[in-house]
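Undergrad: Need the 3D shape of this:
(chains A and B)
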Number of protein chains: 2
Amino acid sequence: MYENNETKPVGTEDLKQHAVRVFAPATVANMICGFDVLGFAVDRPGDEVLMERVSRPGVRIRSIVGDQGRLPLDAEKNTVSASVALLLRHLNLQDEIGLEIDLTKHMPIGSGLGSSSASTVAGLVAANYLLGDPLSKQELMPFCVEGERLACGFGHADNVAPALMGGITLIRGYEPLDIIELPVPEELAAGIVFPQVDVPTRDARQLIRQHVPLKDAAQQWGNIAGLVAGLYRSDYDLIGRSMQDVLIEPTRAILIPEFYEMKRIAQDVGVLSFGISGSGPSVVAISKGIEAATRATDRIQEHLFTCGIDSLKYVSRVNRKGPILLE
Amino acid sequence: MYENNETKPVGTEDLKQHAVRVFAPATVANMICGFDVLGFAVDRPGDEVLMERVSRPGVRIRSIVGDQGRLPLDAEKNTVSASVALLLRHLNLQDEIGLEIDLTKHMPIGSGLGSSSASTVAGLVAANYLLGDPLSKQELMPFCVEGERLACGFGHADNVAPALMGGITLIRGYEPLDIIELPVPEELAAGIVFPQVDVPTRDARQLIRQHVPLKDAAQQWGNIAGLVAGLYRSDYDLIGRSMQDVLIEPTRAILIPEFYEMKRIAQDVGVLSFGISGSGPSVVAISKGIEAATRATDRIQEHLFTCGIDSLKYVSRVNRKGPILLE
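TA: Here you go, the predicted structure:
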């Protein structure tokens, strides 16, 4: 995708100092049984930020590609530029540093794959790099969360944390923010299908009941504890039987066409678990090895096609690296 | 306690074949943040069963010591004999085998320390031993759960599982029963104080709201996931900050005199966490090393004494062995 470097800025003698291109990965929030606290990164899709230092102070969006015109170019309203501006203010550099951004979205917006998080993380990592890495990843996290708040109205960290850290992350608590990196079993893979229907995060959240039966909540924390134990043991059976969501899925599945048929198809090909990615409508099949995830997404896409629903699919191992400097 | 063997049965040539004495440990259900799914065993207190094979078929309670007359001697009503009778029926030995039981309770009843579980587990392990160990520990579990149902009206496994397996156990799910043994960090210790007031399990359960805010439930599953990760990492800080209960403690604490003052005292001496053991009224201070737990229980007991409340205290490492054959 980046081999031709056709958008590489020219005319800068020391490119590394003046411009950087950063890719940040899509993420699967909740990891099926960990509503609001778990998430993991995938190798693809993801978003890409090209950031350039310029002499005129301030943060500006120069271009956005791949958003079908849905994202604001206004630097105060765009979460990428707005969160980078917060970082500059934190470092007291807002009157000194100028940064211009070309954002390339390689994934759909409103898909339940942490689209805004990937862009925000890519922007903040790029800015931090151009400033000489004054902050650690952990220190960048609050700015990522603030970007998420701007994008979604909620300062959740279950997408930004894995997008920034890579791997599987647990948000143990928010006050203060306490992010735990969990082990990633070697063969853990994810197949994602995005049925091209729109489910805005705000609506998907509002559907959820604000009170839940204690009995179901206790079942959910048995599952999340089982999942964490399974990750530490690389016990794929335990991982699979723990990734069940009795609380959120029944409500959110209403908004996703063919959800239960997709689930049946995924289970038939032998994935470990199947559920909703974030607030949907993307769905995720989690498997041991890439093959089962590939088979599941192929068959699900075929099924959706016969129902007249277009879809995108992505299959990869769980991403361990987080954001990557592309050049 | 057992050095003198003063109650050792005499007159049997092959003692091991005809009689056995088994100790099973007290347990701390919930482990503060894992309502109904987590529990751990302690070295003391615990209950003891002396079981003897006799020629007359059937299961009988010969004596109970230490129960202040509160437990039934009627074999059908006593959970120890009743669960052993179930085991015999399962093995189709009910018309063939005779077993007589002397039960010695070394811990208070209704204390929130898994008193009935310890007795039931000791009885089932003793019977299984005398029958030549036909069942594994995992296979004995359903009989332990059934004993718990007889004793408490609920077939919970969060006391019987650690009493039988030792260590820290997770009940991932009940259908089917899925018990996961979690790692026990070397220095993890527990100090228990039992204020001598009575809180029957049934009442303590009935106080709890049957619906909980989703926000609080999500905080709780962040905590339980953090605790499991902390146990695998032997990360005592993470263990400590994860063991918080925002859901159950506020309600159950109402039934426990001086709860918040005891908590303040425990926190002052630097324990990792402090909370209610099972349904109370026993409280537990969990610490790194035995010293902090000892200091906490000493000071709490002093404080209760000044309030006119008698108490018992027990300090030990987390028990890794489960039931022990004493001779």
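Undergrad: how about the residues of chain A that lie near chain B?
TA: Residues of chain A lying near chain B by CB under 8 Å from any CB of the partner chain: A:34-38, A:170-173, A:178, A:180, A:182, A:208-215, A:217-229, A:232, A:238, A:241-242, A:247. Quick note: C-beta positions are derived from backbone N, CA and C, even for glycine.
Undergrad: Report all helices and strands that the host helix or strand of residue A:45 contacts.
TA: Per DSSP states H and E: residue A:45 is located in strand A:38-54. Judged by 3 or more CB pairs under 8 Å, 6 or more residues apart in numbering or on different chains; DSSP states H and E, the packing partners of strand A:38-54 are helix A:15-18, strand A:19-29, strand A:98-105, helix A:115-130, helix A:160-165, strand A:168-174, strand A:188-195, strand A:311-317.
Undergrad: residues in contact with the last one?
TA: I take that to be strand A:311-317. A:26, A:42-45, A:108, A:187-196, A:290, A:293-294, A:297-298, A:300-301, A:304-305 (CB atoms under 8 Å, 6 or more residues apart in numbering or on different chains).
Undergrad: Quickly run through the sheet partners of it, with directions.
TA: strand A:188-195 (antiparallel) (DSSP bridges).
Undergrad: what angle sits between the strand it pairs with and strand A:19-29?
TA: 90 degrees (axes from the mean of the first three to the mean of the last three CA atoms, to 10 degrees).
Undergrad: Can I get strand A:188-195 in CSV? Just the C-alpha atoms.
TA: In CSV, the C-alpha atoms belonging to strand A:188-195 read as follows (Å, rounded to 0.1, in the frame of the first residue of the first chain):
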residue,chain,number,x,y,z
LEU,A,188,-5.0,-15.8,18.2
ALA,A,189,-6.5,-14.4,15.1
ALA,A,190,-9.6,-12.3,14.2
GLY,A,191,-11.8,-12.2,11.2
ILE,A,192,-13.9,-9.0,10.9
VAL,A,193,-16.9,-8.5,8.7
PHE,A,194,-18.3,-5.0,8.3
PRO,A,195,-21.8,-5.1,6.9
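Undergrad: Show me which residues of that strand are buried.
TA: A:188-195 (16 or more other CB atoms under 10 Å in any protein chain shown).
Undergrad: just to revisit the earlier point, so which of the helices and strands packed on strand A:38-54 is nearest residue B:284?
TA: With CB to CB as the criterion, residue B:284 lies closest to strand A:168-174 of the helices and strands packed on strand A:38-54, at 21.0 Å.
Undergrad: The closest residue to residue A:192 other than its chain neighbours and residue A:133: what is the separation?
TA: Using CB to CB, 6 or more residues apart in numbering or on different chains and skipping residues adjacent in sequence, the residue nearest residue A:192 is residue A:314, 4.6 Å away. For residue A:314, the distance to residue A:133 (CB to CB, to the nearest Å) stands at 30 Å.
Undergrad: higher neighbour count, these two?
TA: Of the pair residue A:314 and residue A:133, residue A:314 is the one with more neighbours under other CB atoms under 10 Å in any protein chain shown, namely 22 against 11.
Undergrad: what residue ranges in the stretch 151-300 of chain A are flagged as low confidence?
TA: Residue ranges of the stretch 151-300 of chain A with pLDDT under 70: A:198-205.
Undergrad: who touches residue A:252 in this structure?
TA: Contacts of residue A:252 (CB under 8 Å, 6+ apart): A:204, A:207-208, A:276, A:279-280.
Undergrad: Ok, residue A:296 next?
TA: If a contact means CB under 8 Å, 6+ apart, then residue A:296 has A:191, A:265-266, A:269, A:271, A:274, A:285, A:287 as its contacts.
Undergrad: let's go with 7 Å and repeat that
TA: When contacts are counted by CB atoms under 7 Å, 6 or more residues apart in numbering or on different chains, residue A:296 touches A:191, A:265-266, A:269, A:271, A:285.
Undergrad: now the longest helix seen in chain A, how far from the chain's geometric center?
TA: Scanning chain A for the longest helix, with DSSP state H as the assignment, gives helix A:214-233. Centroid separation between helix A:214-233 and its chain, computed with CA atoms, centre = their mean, to the nearest Å, is 22 Å.
Undergrad: Check stretch A:237-249 too.
TA: Using CA atoms, centre = their mean, the offset of stretch A:237-249 from its chain centre is 20 Å.
Undergrad: buried set for it?
TA: A:238-245, A:247-249.
Undergrad: Quick check: of those, which lies closest to residue B:166?
TA: Using CB to CB, these come closest to residue B:166 at residue A:238, 19.8 Å.
Undergrad: Now that closest one: which helix or strand?
TA: Counting by DSSP H and E, residue A:238 is found in helix A:236-242.
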